[in-house]
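J.: any chance you can model this:
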Amino acid sequence: MAEKNRKWNASDLPALSGRTAVVTGANSGLGFTAADALARAGAHVVLAVRDPERGRAAAARVNGSTEVRRLDLADLSSVREFAAGWDRPLDLLVNNAGVMMLPELRTKDGFEMQFGTNHLGHFALTNLLLPYVTDRVVTVSSGLHRGGDGAIRFENVNLEGAYSPTRAYAQSKLANLLFVLELQRRLTEAGSRVRALAAHPGYAATNLQSHTANPVARLGMLLGNRLFAQDDRAGTLPTLYAATQDLPGASYVGPDGLGEMRGAPALVARSAAASDPAAARRLWTLSEELTGVRWPLGVQAA
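T.: Modelled structure (predicted):
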């Protein structure tokens, strides 16, 4: 009975020897713990990081096979450079890196920083690497995709004149889920066996919250990290579950506890806005226009 009721954890990862994974933002937080767990299970893990020196320091703490490559998701030329240097099969792409509730900033290409980094950078990276992907793409979203305006501001994705850190973050995390939805539709239509999935960590204590714009909110999050949050290894479990378990394409994985704040990984629900196929297609078209990166698999999706 005890075995039957035991919750899934990182010790349940399958053997991943011979498999290659790219994890963005892998030098700290959830990205590091995901990279470490995948490497411990036998995968060769590429830490895709903005700062290679910090990436190498992180890789030295990983128990397994790693390499470090530079990737700045807030700079599309860096995304293209990373993808241009890739020349071998890629079993797993984990779109983990992200920024959270920043003051109003722009990426190198002029996009609102959270939308540009969390969504557009990963959109471009995924499409550029997709011809090499053999198994799946996992994109990390957030339960906060339900916040903000509850929709993508298609006519003003940079939120000019309407910016708030929480609105921008929520929009970027909603975009992550719509991206996964449309990516899976296109993969299915193209006859690909690759699966696109999403995950969210619940309330996990990481260094991400320390960069929020509002000092009062930052203090509140730090206190919440101490009092209520699960640790980063627990927060990584939904990503690892989505990355390795036999789940349907477009699945969304999060903690199974109250409010999806903590707990073992399980399939969870999206908001209605994150389940809208028309919005997902519209976002894809807009993202192609903004990044100049197109669907690569040769089948024109309807």
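
J.: contacts and neighbour counts: CA atoms only from here.
T.: Fine.

J.: contacts for stretch 120-131?
T.: Outside stretch 120-131, the residues within contact range by CA atoms under 8 Å, 6 or more residues apart in numbering are 73-76, 79-80, 83, 86, 93, 95, 137, 179, 287, 291, 293-297.

J.: residues making contact with the lengthiest strand in the chain?
T.: Ordering each strand of the chain by length in residues (DSSP state E) puts strand 133-140 first. By CA under 8 Å, 6+ apart, the residues outside strand 133-140 that reach it are 89-96, 126, 176-177, 180, 193-201, 239, 242-243.

J.: quick one: low-confidence residue ranges for the protein.
T.: For the chain, applying pLDDT under 70 flags the ranges 1-5, 205-229, 299-302.

J.: and the helices in it, which stretches?
T.: 2-5, 29-40, 52-59, 76-84, 113-114, 122-129, 165-189, 215-227, 232-244, 277-291 (DSSP state H).

J.: so how far is the fifth one from its chain's centroid?
T.: Which is helix 113-114. In this view, helix 113-114 has its centroid 14 Å away from the chain centroid, taken as CA atoms, centre = their mean, to the nearest Å.

J.: tell me the contacts of the closest residue to Ser172 other than its chain neighbours?
T.: Nearest residue to Ser172, sequence neighbours excluded (CA to CA, 6 or more residues apart in numbering): Phe115, at 4.7 Å. Counting by CA under 8 Å, 6+ apart, Phe115 touches Val157, Asn158, Ala168, Tyr169, Gln171, Ser172, Ala175.

J.: make a markdown table from those residues and add distance to Pro131 and neighbour count to it.
T.: Listed next are the contacts of Phe115 as a markdown table, based on distance: CA to CA, whole Å; neighbours: other CA atoms under 10 Å:
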| residue | distance to Pro131 | neighbour count |
| --- | --- | --- |
| Val157 | 28 | 18 |
| Asn158 | 30 | 21 |
| Ala168 | 31 | 29 |
| Tyr169 | 29 | 25 |
| Gln171 | 28 | 26 |
| Ser172 | 25 | 31 |
| Ala175 | 22 | 28 |
